[in-house]
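1. This is a predicted model, with the sequence first.
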Amino acid sequence: MSLKALRIVWRISLLNIRAAMEYRTEFLLMIAIGAIWQVSVIVFATVLLARFAGMGGWDSSDVLLIPAIRMLAHGLFVLFLGRMHFIGRQIQEGRIDVYLLRPMPVHRQVQLDYFPTNAIGDLTVAAGLMVGALSRSTLDWTAGRTAYLIAAVIGGMLLEAALFTAVASACLRYPAADYWGRWLEELLGTFGSYPLNVLPKAVGGFLTFALPLAFVAYFPAAVLTGHDTAVPYWLAASSPLLGLVAYVGARGLWRWALGHYTGVNG
Amino acid sequence: MASVLHGWRAARVTPLGELHTPPRMTAVLLRLTVQVVLVASLWRGLYAQTGTTAGLSRDQAVTYAVMAVLASRLRELDQSAGRDMVLQHMHFGTIVYWYLRPLPPQRYYALRALGEQLYGLAWALGGYAVCLAAGVVEPPASAGVAGVFVVSMLLGQWVLYYVMLILDQMCFFTIRNNAAMLILIFAQNLLSGVYAPLWFFPDWFITLSGFLPFQATLSVPLSIYVGRIELADTGAQLAIQAAWVVGLALLTRWVWRRAARRVIAQGG
């Protein structure tokens, strides 16, 4: 992206923030919804942790690292790349057709459609949980481990973005595929926040290879805390890299799908 | 006779949208299957090293969680694809057509919801039959429990109808209310026990939810089914559910009247 393009992105984002603040109550409620959504993940995780101590052989301070990585990755995804969620509506309203006529990549226009106010709440709660998880952690946070944690969060963001970009690409052909996006979000929220080794092997395999949810937070947390997983160490350790590869692949899929886009009217 | 015909036509609006898009039905089937397998596996896995906790045994917890997934199908139809959500009608100004038809908007809304719930019930019952046959969920302990569960579930769905109606009625009074809608939908899911049985939550949380209508929608009927609420204690619970139905019916009736005065579309 050139400097000029960056400047345009920045100016449009500022305008989007001003537009969002036009409705103050809605603006504040959107921040609240981001926070509440994240708190629900914490509530679910803490309820399970309190009732089922030693979940999957992990102690609670280690388990907390999983939702902390996932939620921070999710918050960053919502902030930077989250508009992929609403592609179905944009297709239905024919806005993609308008984007195709403008001198800016369609993907960027989709991302600049509005400011994701809820990301403020998402990130605030996620950062709070990460601080809490790190303060309870008994691990030695060396430079290498800290760098891996940062890479894991970015990799998690990219992997989540890759999954939603793939669904958005399908939406360009079949707008009803939007339905899968909602399910994906629900699955990530429900099954992305604790050790997957509590599940039977077949189910854990599904959440690793069919739907690579395990690579978002579970495997990176296992690498950081030294827990064994169902996959070889090198595969679990390369989770951040897989996130990057998956995102690059998903953007390729998006470009291909956009090339075959025919609009809702054929 | 004409009113029956009107009723039938309104009730089938959303289900018809589903029946005309087989890919969406396939997606629902796949999603429901995977969700049931995942949820059952999760609770079995969690109970692997624990006995009864929060008054729920492993089988009770699995049955509760799986039936919560099946029950979520009852009101999960997609109205947005047909642009028939109240939020969309307010956004596009087409809400005015609800007031121009020979069918009053409140009756159209109720009939449409009835059709959706009956269609969802077919999915839920089909799923229940498969899960029961596969041994994923336990059958009710006695015919009495089954009977009380059916009554409680019916009242729960009635309460849920009014909760969803209040969410939609809010759209008449606020220009932008996506966030408020999301918060209330979230509250409905959390406080009704969709995410996890309410029995696992701290005492203060259970007490708080006792003052709200959400637990009456799902937590109460499912707790009766799995035996967490004893048959002898169900009378009070059913009475509370019925009280919520009456209270919310009166409230929503009043709001419908107020909402009608707010309809200004296409510039007023």
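-> That came in fine, so what should we check first?

2. Any part of the helix or strand residue B:127 falls within near chain A?
-> Here residue B:127 sits within helix B:105-134, counting by DSSP states H and E. No. Residues of helix B:105-134 are not located near chain A by C-beta under 8 Å from any C-beta of the partner chain, the shortest gap being 14.4 Å. (C-beta placed from N, C-alpha, C; glycine too.)

3. what's that helix packed up against?
-> When contacts are defined as 3 or more C-beta pairs under 8 Å, 6 or more residues apart in numbering or on different chains; DSSP states H and E, helix B:105-134 packs onto helix B:2-11, helix B:13-19, helix B:22-46, helix B:58-71, helix B:143-170, helix B:234-262.

4. go with 10 Å
-> helix B:2-11, helix B:13-19, helix B:22-46, helix B:58-71, helix B:86-92, helix B:143-170, helix B:234-262 (3 or more C-beta pairs under 10 Å, 6 or more residues apart in numbering or on different chains; DSSP states H and E).

5. Most tightly packed of these?
-> helix B:58-71 (a mean of 23; mean count of other C-beta atoms under 10 Å in any protein chain shown).

6. got the angle between that helix and helix B:105-134?
-> Here helix B:58-71 points in a direction 140 degrees away from that of helix B:105-134 (axes from the mean of the first three to the mean of the last three C-alpha atoms, to 10 degrees).

7. Need the CA coordinates for helix B:58-71. PDB is fine.
-> Extracted C-alpha coordinates of helix B:58-71, given in PDB (Å, rounded to 0.1, in the frame of the first residue of the first chain):
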ATOM      1  CA  ARG B  58     -22.800 -36.100  33.500                       C
ATOM      2  CA  ASP B  59     -25.900 -37.500  31.700                       C
ATOM      3  CA  GLN B  60     -28.000 -34.600  33.000                       C
ATOM      4  CA  ALA B  61     -25.500 -32.000  31.800                       C
ATOM      5  CA  VAL B  62     -25.100 -33.600  28.400                       C
ATOM      6  CA  THR B  63     -28.900 -33.900  28.000                       C
ATOM      7  CA  TYR B  64     -29.400 -30.300  29.100                       C
ATOM      8  CA  ALA B  65     -26.700 -28.900  26.700                       C
ATOM      9  CA  VAL B  66     -27.800 -30.900  23.700                       C
ATOM     10  CA  MET B  67     -31.500 -30.000  24.200                       C
ATOM     11  CA  ALA B  68     -30.500 -26.400  24.500                       C
ATOM     12  CA  VAL B  69     -28.800 -26.600  21.100                       C
ATOM     13  CA  LEU B  70     -32.000 -28.300  19.600                       C
ATOM     14  CA  ALA B  71     -34.200 -25.700  21.200                       C
END
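
8. Please identify the buried residues of stretch A:230-243?
-> Neighbour-count burial for stretch A:230-243 flags A:230-231, A:236-240, A:242-243 (criterion: 16 or more other C-beta atoms under 10 Å in any protein chain shown).

9. Turn those residues into CSV, including secondary structure and pLDDT.
-> CSV is the format used below for these (DSSP: H, G, I helix; E, B strand; the rest coil; pLDDT from 0 to 100):
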residue, secondary structure, pLDDT
A:230, coil, 86
A:231, coil, 90
A:236, helix, 93
A:237, helix, 94
A:238, coil, 95
A:239, helix, 95
A:240, helix, 96
A:242, helix, 96
A:243, helix, 96
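
10. List just the nearest of the residues you listed to chain B.
-> residue A:230 (13.2 Å; C-beta to the nearest C-beta).

11. Surely the closest one is in contact with residue A:56?
-> No. Assessed by C-beta atoms under 10 Å, residue A:230 is found out of contact with residue A:56, at 11.2 Å.

12. follow-up on the earlier one: just so I know, which of the helices and strands packed on helix B:105-134 lies nearest chain A?
-> Of the helices and strands packed on helix B:105-134, the one closest to chain A (C-beta to the nearest C-beta) turns out to be helix B:22-46, at 3.7 Å.

13. So is the closest one next to chain A?
-> Yes. Among the residues of helix B:22-46, B:23-24, B:27-28, B:30-31, B:34-35, B:37-46 lie within reach of chain A under C-beta under 10 Å from any C-beta of the partner chain.

14. Which neighbouring elements make contact with that helix?
-> helix A:24-51, helix A:178-191, helix A:201-205, helix B:13-19, helix B:58-71, helix B:105-134.

15. what's the angle between the last one and helix B:143-170?
-> The reference is to helix B:105-134. Put simply, helix B:105-134 runs at 140 degrees to helix B:143-170, going by the same axes, to 10 degrees.

16. how distant is helix B:105-134 from the center of its chain?
-> Relative to its chain's centre, helix B:105-134 lies at 10 Å (C-alpha atoms, centre = their mean, to the nearest Å).

17. Over to the second one?
-> Centroid displacement of helix A:178-191 relative to its chain, using C-alpha atoms, centre = their mean, is 11 Å.

18. Report whether it contacts chain B.
-> Yes. For helix A:178-191 and chain B, the contact criterion (C-beta under 10 Å from any C-beta) is met by A:178-180, A:182-183, A:186-187, A:189-191.

19. are any of the residues you listed buried, and which?
-> Using 16+ other C-beta under 10 Å, the buried ones in these are A:178-180, A:183, A:187, A:189-191.

20. ok so, going back, if I look at residue A:230 and residue A:56, which residues touch both of them?
-> Residues touching both residue A:230 and residue A:56 (C-beta atoms under 10 Å, 6 or more residues apart in numbering or on different chains) are A:196-197, A:199.

21. ok, and the most crowded of those residues?
-> With neighbours taken as other C-beta atoms under 10 Å in any protein chain shown, the top of the shared contacts of residue A:230 and residue A:56 is residue A:196, carrying 25 neighbours.

22. for the closest residue to chain B within the stretch 101-250 of chain A, what are its contacts?
-> At 3.7 Å from chain B, residue A:198 is the closest residue in the stretch 101-250 of chain A, using C-beta to the nearest C-beta. By C-beta under 10 Å, 6+ apart, the contact list for residue A:198 reads A:48, A:52, A:55-58, A:204, B:41-49.

23. likewise residue A:36?
-> A:29, A:43, A:118, A:121-122, A:125, B:179, B:182-183, B:186-187, B:190.

24. Now that we have those residues, which of them are buried?
-> Applying 16+ other C-beta under 10 Å to the contacts of residue A:36 flags A:29, A:43, A:118, A:121-122, A:125, B:179, B:182-183, B:186-187, B:190 as buried.

25. contacts for whatever helix or strand residue B:205 lives in?
-> Per DSSP H and E, residue B:205 falls inside helix B:203-210. Helix B:203-210 has contacts (C-beta under 10 Å, 6+ apart) with A:43, A:47, B:54, B:187, B:190-193, B:198-202, B:215-216, B:219, B:240.

26. Buried subset of those residues as a PyMOL selection?
-> Filtering these down to the buried ones (16+ other C-beta under 10 Å) takes a single PyMOL command:
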select buried, (chain A and resi 43+47) or (chain B and resi 54+187+190+191+192+193+198+199+200+201+215+216+219+240)
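
27. Now for residue B:72: which residues touch it?
-> A:186, B:32, B:35, B:120, B:124, B:189, B:192, B:194, B:218.
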